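Novice: sharing a model prediction with you, sequence too.
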Amino acid sequence: MSTHTLVNLAAPISSGPGPGLFLRIIVISSIVGVCLLGWILVRAGRDN
């Protein structure tokens, strides 16, 4: 997919010009995903 196609698909999500809300959603979901992955790795590394 080209960048232009992705911007067109994300256009209904963002009400203003630029990435705005779409970029915030991507960043927040990435942070949540990293935290979840870290939590899973810490739990898997424990000696029960």
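Specialist: Done, it's in.
Novice: which strands or helices does the top helix by length along the chain pack on?
Specialist: If you go by DSSP state H, the chain has its longest helix at helix 20-45. Applying 3 or more C-beta pairs under 8 Å, 6 or more residues apart in numbering; DSSP states H and E, one finds that helix 20-45 makes contact with no other helix or strand. Where C-beta positions appear, they are placed from N, C-alpha and C, glycine not excepted.
Novice: can you mark which positions in it are buried?
Specialist: By neighbour count on 16 or more other C-beta atoms under 10 Å, the buried set for helix 20-45 is F22.
Novice: quick one: average confidence on that helix?
Specialist: When pLDDT is averaged along helix 20-45, the result is 91.
Novice: do stretch 2-17 as well
Specialist: Mean predicted confidence for stretch 2-17 is 68.
Novice: can we start the residue count at 52 from this point?
Specialist: Done: numbering now begins at 52, and the last item shifts to stretch 53-68.
Novice: now do V83 against I76, distance only.
Specialist: Per C-beta to C-beta, to the nearest Å, V83 is found 11 Å from I76.
Novice: repeat for L60
Specialist: Taking C-beta to C-beta, one finds L60 at 13 Å from I76.
Novice: again with C86
Specialist: 16 Å.
Novice: do the same with S53
Specialist: For S53 relative to I76 (C-beta to C-beta), the value is 21 Å.
Novice: could you do V93 as well?
Specialist: 26 Å.
Novice: ok, now G89?
Specialist: From G89 to I76 the distance is 21 Å (C-beta to C-beta).
Novice: kindly report the same for T54.
Specialist: 17 Å.
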